[in-house]
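A.B. asks: Sequence below, structure please.
(one chain, ligands or ions: 1)
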Amino acid sequence: MPTLQDILSTMDYGPSPESADVAQAWLSSRKRRFGHFIDGAWVAGARHFDSVNPANGEVLAAIAQGDARVVDRAVLAATAALPAWQALGGHGRAKFLYALARALQKNARLFAVLDTLDNGKAIRETRDADVPLAVRHFYHHAGWAQLLAREMPGHEALGVVGQIVPWNFPLLMLAWKVAPALACGNTVVFKPAEQTSLTALLFAETCQEVGLPAGVFNLVCGDGAVGQAITAHEGIAKIAFTGSTEVGRLIRQATAGSGKKLSLELGGKSPYLVFADADLDAAVEGIVESIWFNQGEVCCAGSRLLVHEGTAPTLLAKLKARMAKIRVGDPLDKSTDMGALVDRTQWQRVNGFVERARAEGAEVFQACATELPAGEHCYFPPTLVTGVDTASEIVQQEVFGPVLTVQTFRTPAEAVELANNTRFGLAACVWSESITLALDVAPRLKAGVVWVNTANQLDAACGFGGVRESGYGREGGREGLREYLKPIAVTAVKPAKTAKASKPVVEATLVPADPNAIDRTAKLYIGGKQVRPDGGYSREVWAGKTLLGLVPEGNRKDIRNAVEAARAAAGWERTSAHARAQVLFYLAENLQAQRARFVELLTPFSSAAAAADEVQAAVERLFDFAAWADKYDGAVHQPPMHGVTLALHEAVGNIAVIAGDEAPLLGLIALIAPAIAMGNRVVAVPSSRQPLVAAELYPVLETSDVPGGVVNLVTGDPDALADTLAAHAEVDALWWPAATPEQCRKVEALSVSNLKRTWVGAGAAAALGDPRTLLEQAVQVKNVWVPYGV
Ligand code: NDP
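C.D. replies: Numbering: from 1, shown residues only. As a prediction, the model looks like this:
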């Protein structure tokens, strides 16, 4: 008589196919030929390309290839639709988003099967993850549309937004982009990836079905050329892009100086840290979820396993055993874990990485429970690569496939160092049974999302997005909503009287306005010290016909030193918010004490009364941000999982700020104060018209307990210094609200070096408006998912 164990060991999965009949019938009823969807109607394409099922090579449909003319037509329709869509108000739009959520839910299975046919991903995942999450996004944002006016006062929609997505989550990416855009009152021109247009086409039909006003959602199909045309279109106010870092860079460059708002959700190389005290069985399931979900074609996939040295043998043995149970095969079979990669090109790319690693001496382990078909196909088995080091190509580059590399560490510090040793910063997983260890490590990881003892959790209420070369901007959550809004314009500050521009001279001595005064040579302020400029040049500061003095002409090397000093002051970020607030209050107190001197310096540029007002406003601004320092908190979300998500406001890092010529003191303080209030370090270029106010700030900073390197001031030619700062790899953000369109274009184009965040050209008044606008710029939201007994 066989034992239960014997019976269980002989049991296997039988085929459990999901029927594709309804999806095939839908395709056939549309004659397997699709145009674009513009202004609520279908527009026939001039040329078409095939959409192919990567699991079996079947041509599913012919998809129209758009071009700049079609994009133009879509933008015109979206522009025309804007007034009525906005006039509907939040409640009116909420009803449409709700209707879309209901319609998606009603057709959930059709959407799931179509995504599976088109992309090759397993039906188990499209059915249980992609579609439910897309539905959740529309419900969640129906709620935001309803609440918008009350919850986001002083903000308005941007206009027409262009949205470009990749092929790995066709419907989900659409939902992430379209739902918040529409909720905020924007209209959309959307481009799916050429490999996976089908669910976007079905979504367009759904828009018709629910009676969404014509022109609110427009769909232009096609390849990267369509993406380029959307990016370049002057009628578009924002580009929301998800895709590779390489294309993200091209888009940043193409939009530089255009005034378009930009969010970039780019690639990743996310670490998966397993500490010695982790629950290893759970960690193994987490790895499966992290790197073998969606065939590893996931931007936030945990593709680098970092495991404690002593734990590695046990963990790898468990992992290999688990890999052998993963079922790779027909994506429509409900017992399939991993389907096909999106196409043969992607298969070759993934395989290329693995073969090059093997050639370099790495060990490659591949296993799964099923036999892959012979010959050319798009299936790739779960793959584990050991014997690699930090410099290996496969450890540094995004593979975007089911490939996991393994490295070991001895101490938490080494784990963090390895984890952060990448140009990306999208996500990270931390596995440890010690809450102290896990929550000590999480803030040290350079990542926009951290999962503690879980993996790949996503929810509409929780922002998702990266840092560093994984891009900027968030999708989901309140922060995701802000990507589709702008502050309602504030009135410009009254410009002061114009004065002769400063110009560089050869001598480096100060010419005092008062002939009896003792000569003082203004210096730069770097690392908490007054230092001489590298070049030995100074620039004259004139007020009308009076030469007020000289300030140093900072150069590239001075900027380099200032950024280095800012980097060394990173500990400021870990100073408590209470302590930062105290420093800001103290700065205000000391500025107030020097009031007379600042009034004296500012008076030649306006009047004594205006100068006194400006000093007073600067003191108040310092008080504002001292007040906000310990109040601009994040949030705790309660997503539908067994846990909570901490949306933490983290400092961005080193922020370069360039003050405009209006209100030289207030304009400078207005930029420095929010940045340091949130824990950033600043390299500031003061107003070129009255830089002497900056020199006068040095003693104020010195006596206010501002740690050396937290604020660095480099006087000189703003144009030249801004270029150096924009190109600098250690500068994380650049603010220049008073920049002209040409200055914006230059610095935004240079910012591609490390994909730094830019806030430029908003107008000098923007820096003096609602403090929250600046605070938003001063933080990036890190979402930490933590198990919690709810
Ligand atoms: P690509 O960057 O190649 O393409 C993304 C989209 O941009 C596609 O629709 C593509 O069109 C379009 N496109 C291509 N060239 C241009 C251009 N010059 N201007 C404007 N649009 C253009 O990425 P993949 O499609 O190969 O997707 C994989 C990448 O996406 C991975 O690197 C992955 O990490 C990243 N990704 C990031 C996510 C995140 O949230 N951070 C989420 C998902 C993926 P077409 O392909 O039709 O030619």
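A.B. asks: Checking my notes, residue 430 in a strand, right?
C.D. replies: Yes - secondary structure of residue 430 (DSSP: H, G, I helix; E, B strand; the rest coil): part of a strand.
A.B. asks: What distance do you get for it to residue 629?
C.D. replies: 28 Å (CB to CB, to the nearest Å). In short, each C-beta sits where N, CA and C put it, glycine included.
A.B. asks: Tell me which helix or strand comes right after the helix or strand where residue 619 lies.
C.D. replies: Assigned by DSSP states H and E, residue 619 belongs to helix 608-629. Counting by DSSP H and E, the next helix or strand C-terminal to helix 608-629 is strand 635-637.
A.B. asks: Tell me the strands beside that next one, with direction?
C.D. replies: The strands that strand 635-637 pairs with in its sheet are strand 643-651 (antiparallel) (by DSSP bridges).
A.B. asks: Residues in contact with the partner strand: which ones?
C.D. replies: Here strand 643-651 makes contact (CB atoms under 8 Å, 6 or more residues apart in numbering) with 443, 454, 457, 459, 461-463, 477-479, 572-573, 632-639, 678-680, 778-788, 790.
A.B. asks: how about a cut-off of 6 Å?
C.D. replies: The contact list for strand 643-651, computed with CB atoms under 6 Å, 6 or more residues apart in numbering, reads 462, 573, 634-639, 678-680, 779-788.
A.B. asks: And what about residue 12, helix, strand or coil?
C.D. replies: coil.
A.B. asks: Residue 735 against residue 657, yeah?
C.D. replies: Yes - in this structure, residue 735 is within contact of residue 657 by CB atoms under 6 Å, at 4.7 Å.
A.B. asks: Spit out the residues that contact these two alike.
C.D. replies: residue 671.
A.B. asks: The ligand contacts on the stretch 351-500 of the chain?
C.D. replies: 398, 400, 426 (CB under 6 Å from any ligand atom).
A.B. asks: Highest neighbour count among these?
C.D. replies: Ranked by neighbour count under the definition other CB atoms under 10 Å, those are headed by residue 426 with 28 neighbours.
A.B. asks: Next one: the spatially most central residue of the chain from the ligand, what distance?
C.D. replies: Centroid check for the chain by CA atoms, centre = their mean gives residue 472 as the closest residue, at 2.1 Å. Relative to the ligand, residue 472 is positioned 11 Å away (CB to the nearest ligand atom, to the nearest Å).
A.B. asks: before we move on, what about residue 731?
C.D. replies: 22 Å.
A.B. asks: correct me, but the residue nearest to the centre of the chain touches residue 758?
C.D. replies: No - Residue 472 lies out of contact with residue 758 (CB under 6 Å); the separation is 9.2 Å.
A.B. asks: And the helices in the stretch 51-200 of the chain?
C.D. replies: Ranges of helices in the stretch 51-200 of the chain, per DSSP state H, counting those that start in this stretch, are 68-87, 89-106, 108-119, 123-125, 131-151, 170-183, 198-209.
A.B. asks: cool, the stretch 501-650 of the chain as well?
C.D. replies: Counting by DSSP H, counting those that start in this stretch, the helices of the stretch 501-650 of the chain are 556-568, 577-593, 595-602, 608-629.
A.B. asks: so which of these comes closest to residue 227?
C.D. replies: Residue 227 sits nearest to helix 556-568 of all those, at 33.6 Å, using CB to CB.
A.B. asks: For residue 636, grab the count of nearby residues.
C.D. replies: 12.
A.B. asks: Contact residues of this protein facing the ligand?
C.D. replies: So the chain meets the ligand at 164-168, 191, 193-194, 223-224, 227-228, 231, 242-244, 247, 250-251, 265-268, 299, 398, 400, 426 (CB under 6 Å from any ligand atom).
A.B. asks: Among these, which lie within helices?
C.D. replies: Among the residues of the chain next to the ligand, the members falling in helices (DSSP state H) are 224, 227-228, 231, 247, 250-251.
A.B. asks: And the pLDDT for residue 498?
C.D. replies: Residue 498 carries a pLDDT value of 41.
A.B. asks: which residues of the stretch 251-400 of the chain fall in helices?
C.D. replies: 280-291, 312-323, 344-359, 393-396.
A.B. asks: for the stretch 651-790 of the chain, same thing?
C.D. replies: Counting by DSSP H, counting those that start in this stretch, the helices of the stretch 651-790 of the chain are 664-677, 692-702, 718-727, 741-750, 771-778.
A.B. asks: right, so of these, which gets closest to residue 116?
C.D. replies: Here helix 771-778 is closest among the helices of the stretch 651-790 of the chain (CB to CB), at 38.7 Å.
A.B. asks: Now do the closest one: which elements does it pack against?
C.D. replies: Contact partners of helix 771-778 among helices and strands, from 3 or more CB pairs under 6 Å, 6 or more residues apart in numbering; DSSP states H and E: helix 664-677.
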